[in-house]
Structure formats: C-alpha cells, structure tokens
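Visitor: Have a look; sequence and predicted model below, questions after that.
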Amino acid sequence: MIPVRMVTCVLVVMLALTGCGPGGFSGLYNAPLPGGADVGEHPYRVTVEFADVLDLVPQATVKVNDVQIGRVQRVRLAEDTRSALVDIVVNGDVELPANAVAELRQTSLLGEKFVDLRPPTGARPVGRLSDGDVIPLSRTSRHAELEEVFGALSMLLSGGGVEQLHTIASELNNAMRGNEAQIKALLSRVDHLVTELDGQKAQITKAIDGLAELSRTLVREKRHLTEGLDHLAPGVRVVANQRDQIVGMLTQLRKLSRVTVDTVGKSREQLVANLRALEPTLRKLAESGDNLTEALKILPTYPLPWNAGRTMKGDYANVDVEFDMNLDQLVNNMRRSGQSPIPSLPKGGGPPLPLPETPQVPKLPALPGSSGASDSGSLLGSLLGGS
C-alpha cells in the first residue's frame, strides 16, 4: 500500500503545477517565468496581432535592430479566434513610431522565436508608440518556417513537380535546337536594349513623373473636363452641319496655298532682293528710335509747328509777339552768324569806301489827341498801340 503522506505530496505538487486559483485551472502555460530582457523602471505595454504565432512563448525576446528591448508577457487567442494577440513589454527608454511594424523571426535556422519591431519601410514614421497601443494585422508578418520549406520541397518532389520540370526542359531544348544563331542575336539585342534603357533611366523616370503629374492635373480638372465634354456636343453638331462649307473652304485654301507657293517660288529672287534693299532703311528706322515718332507730330500741321492748332482759330491767329531791341544782342547775333555790321575796308591805298547812307525814317501820322508834332516815341507808340 502507498503511504498517505506520499499521496498527499503528489497531489500538492500537481496542484502547484496546474496553477490552481480562484478562477479555476489556468494552466502551466501562463505561469510566470523568471528571466527575460531588462525593461527598465517605466516600461510600456503594447499588443501585437499575428495571424500565426507558431511556437512563440512568454518571456521570448522583443528586439529592435537585433538589440533586446523587451519581452513577451502573454500570448492569447483573439475574440474572433482567427488571430493571436501577443502582449509585449517594452523598455520605456526606447522610442518607436506609432505606425511601427512587427515581425516574427528566428534567432537562427532552428533557434527560438522573437518579435522584431522596426519603423515602417514604405511610409514616413508618425507619432510615437505608447502604452496601450495595438499593432494590427496589417502591420505584422512572419518568416517562413523550416518545416514549411521542407514540406513544399517534398510536395514538389513527390507530387509530380519534377516531371513537369523535365517536360519544360525538354520543350525548351526542342525549341532552341537549330536556332542557336537567332537566339544569340536575340540575346545580344536584348542586352543592347537593356543597356540603352539603363542609360536612359533618368529620362524614363522623369517621363513617368511627368505622367504622374499630368494624371494629378487631370484629376484636379475633372469637373472642368466633364463640363467641356458636355458642351462639346452642340459644337460638334454645328461642325457636322457645316461640313460641306468647311470642306469647300479647305479645298480653296489648298488651291490658294498652291498658288502662293508657286508665286513665291517664281519671285523668290526678286523677293530676296527687295528684302535686302529694305535692310538699310529698316536699320536706319531702328536707329532713329523715338526721333521718328517725335518728327511725325508736325506732319498733320505742316508747314506750321505741331502746336499751331492752339493758335489758328479758323481764319485768324492769336499771336503774342515780343520785339527785343537790344543792340548788343543784335550785334552778337550777326557776329555769330558770320556777318559783320560794318563793311571791311580794302587793303592798300585805294580810295575809301563810301559809308552807307542813313535811312530816313518816315514820319507817321499823329495819334488822335496829340499836338500833331512828330516825336521820337511815335514809332514805338504805334507798335505798342498807344501812349
């Protein structure tokens, strides 16, 4: 018979291993384990959704760039029973973007699994990953297992894949037999084409970017393009109704173009000569600049100045005349013009030249109200109109 004390010890050990608690048996799987990465004094917890966690276990490592920054706290089944939820604890000093991605990897070919966190590769990092965040299925993935690779290989080898490869190789040999020269020429041309495409890579990229910009422009102008196409139908109907007139116009235009080309061809030398003859005139006109436009102002009023329109009022003119009787100024004007007020004397001993006679100023009639006697101021008084 087995002693009662031994049975009691076995029952206690079994209860301890099964983790009996107030809520029932929770299983040894969720029992806390020692060890794991150092998460610091202020860690934060993140939930990661995986479609398949394989054999990931609690206390597995969480890494960033192959550096341990946390550990797996719990692995549980999602409510939809189609995915797994992995609760991880991350060191509070590690900063990751809010749109970080997670991947389930192995340390080696047969090594343990770990969760790899990293910033997104196809998008710009946004925000910061914090406590309570969830990384959804769309941002998680896993590597292929060694068992899966071997399973696919065994399916290929045992499921007829090798026979299919043999058939493909045989058909390729039959197609290439006797066409070696053409195949070599084709490969040479393909190599030349690939080289040319590689040399034009920048232009091709620029063209693709231009097409992308054109597409964006068309999308922005979609409403205007739609309105234009909607209003294009009446214009097309008008053109269709006037088709005969348009065809006739184009026919006559073709005839006119033929005549014009023939005329220009026959008079080409004369036309070139005329253009060359016009070259000096056009050059002088260009050199004249604003002088020509200023000179054209007097053309409508020739021979009078351009401002004569302000003076001529029909058959009379309003003119203000000012006489300058300064003798010094008159003499200076005559000297500058090359004329001398005194005739030059002949050289030698010839007879003296007679002096010019002093002109007699005629007497003007006396003004009304005067004594009738002529005075020295009568001429000036007449010019000035009075006293």
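Guide: Nice, thanks for sending it over.
Visitor: Doesn't Asn274 lie inside a strand?
Guide: No: under DSSP: H, G, I helix; E, B strand; the rest coil, Asn274 falls outside any strand and is assigned helix.
Visitor: What distance do you get for it to Ser257?
Guide: From Asn274 over to Ser257 the distance is 22 Å, taken as Cβ to Cβ, to the nearest Å. Any C-beta I mention is one placed from the backbone N, CA and C, and that applies to glycine too.
Visitor: Can you give me the neighbour number for Phe114?
Guide: Other residues within reach of Phe114, judged by other Cβ atoms under 10 Å, total 20.
Visitor: which SS class is it?
Guide: The local conformation at Phe114, judged by three-state DSSP, is strand.
Visitor: Now for the closest residue to it other than its chain neighbours: which residues touch it?
Guide: Ranked by Cβ to Cβ, 6 or more residues apart in numbering and with sequence neighbours excluded, the top spatial neighbour of Phe114 is Thr61, at 4.2 Å. By Cβ atoms under 8 Å, 6 or more residues apart in numbering, the contact set of Thr61 is 36-37, 68, 70-72, 112, 114-115.
Visitor: which one of these sits closest to Thr205?
Guide: Using Cβ to Cβ, Val115 comes nearest to Thr205 of the contacts of Thr61, at 37.3 Å.
Visitor: circling back to that earlier point, show the buried residues in the contacts of Thr61.
Guide: 36-37, 70-72, 114-115 (16 or more other Cβ atoms under 10 Å).
Visitor: Which of those scores worst on pLDDT?
Guide: Least confident entry in the buried ones among the contacts of Thr61, by pLDDT: Gly36, with 63.
Visitor: Quick one: the strands in this structure, in order.
Guide: 20-21, 24-25, 44-50, 61-64, 67-77, 84-90, 101-106, 113-118, 134-135, 140-142 (DSSP state E).
Visitor: Reformat these as JSON lines; add distance to Gly199.
Guide: Shown next, in JSON lines, are these (distance: least, Cβ to Cβ, whole Å):
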{"stretch": "strand 20-21", "distance to Gly199": "72"}
{"stretch": "strand 24-25", "distance to Gly199": "71"}
{"stretch": "strand 44-50", "distance to Gly199": "46"}
{"stretch": "strand 61-64", "distance to Gly199": "41"}
{"stretch": "strand 67-77", "distance to Gly199": "43"}
{"stretch": "strand 84-90", "distance to Gly199": "48"}
{"stretch": "strand 101-106", "distance to Gly199": "37"}
{"stretch": "strand 113-118", "distance to Gly199": "36"}
{"stretch": "strand 134-135", "distance to Gly199": "43"}
{"stretch": "strand 140-142", "distance to Gly199": "37"}
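Visitor: tell me, which of these is the model least confident about?
Guide: For these, where the average pLDDT is lowest is strand 24-25, sitting at a mean of 41.
Visitor: Tell me the confidence at the spatially most central residue of the chain?
Guide: Nearest to the mean C-alpha position of the chain, by Cα atoms, centre = their mean, lies Glu213 at 8.6 Å. You'll see Glu213 listed with a pLDDT of 92.
Visitor: returning to what we had before: can you say which two of the contacts of Thr61 are spatially most distant?
Guide: Within these, two members stand farthest from each other by Cβ to Cβ: Gly70 and Glu112, at 15.1 Å.
Visitor: low pLDDT regions in this structure?
Guide: 1-36, 156-163, 301-319, 321, 324, 337-387 (pLDDT under 70).
Visitor: Longest helix of it, counting residues only.
Guide: helix 243-266 (DSSP state H).
Visitor: Can you name the residues in contact with it?
Guide: By Cβ under 8 Å, 6+ apart, the list of residues contacting helix 243-266 from outside reads 239, 271.
Visitor: on that earlier part again, if I look at the residue nearest to the centre of the chain, how far off is Ala207?
Guide: Glu213 sits 11 Å away from Ala207, going by Cβ to Cβ.
Visitor: okay, and the common contacts of these two?
Guide: Shared contacts of Glu213 and Ala207 (Cβ under 8 Å, 6+ apart): none.
Visitor: Leu104: neighbour count?
Guide: Leu104: 22 surrounding residues under other Cβ under 10 Å.
Visitor: Tell me which residues touch it, please.
Guide: For Leu104, the contacting residues are 50, 53-54, 56, 113-116, 140-143, by Cβ under 8 Å, 6+ apart.
Visitor: By neighbours, which of these wins?
Guide: Counting neighbours by other Cβ under 10 Å, the top entry in the contacts of Leu104 is Val115, with 27 neighbours.
Visitor: is it true that that one touches Gln59?
Guide: No: using Cβ atoms under 8 Å, Val115 is not in contact with Gln59; the gap is 11.8 Å.
Visitor: what touches both of these two?
Guide: In terms of Cβ under 8 Å, 6+ apart, Val115 and Gln59 are both contacted by the residues Val72.
Visitor: before we move on, back to that, can you pull up the bridge partners for the residue nearest to Phe114?
Guide: Beta-bridge partners of Thr61, counted by DSSP bridges, are Arg71.
Visitor: Please report the distance of it from Ser288.
Guide: For Thr61, the distance to Ser288 - Cβ to Cβ - is 91 Å.
Visitor: now Leu193
Guide: 62 Å.
Visitor: just Val264 next, same as before
Guide: In terms of Cβ to Cβ, Val264 sits 31 Å off from Ser288.
Visitor: Now do stretch 120-136: distance from first to last residue.
Guide: Using Cα to Cα, to the nearest Å, one end of stretch 120-136 lies 13 Å from the other.
Visitor: Same question for that stretch: list its buried residues.
Guide: Here stretch 120-136 shows 129, 133, 135 as buried, counting by 16+ other Cβ under 10 Å.
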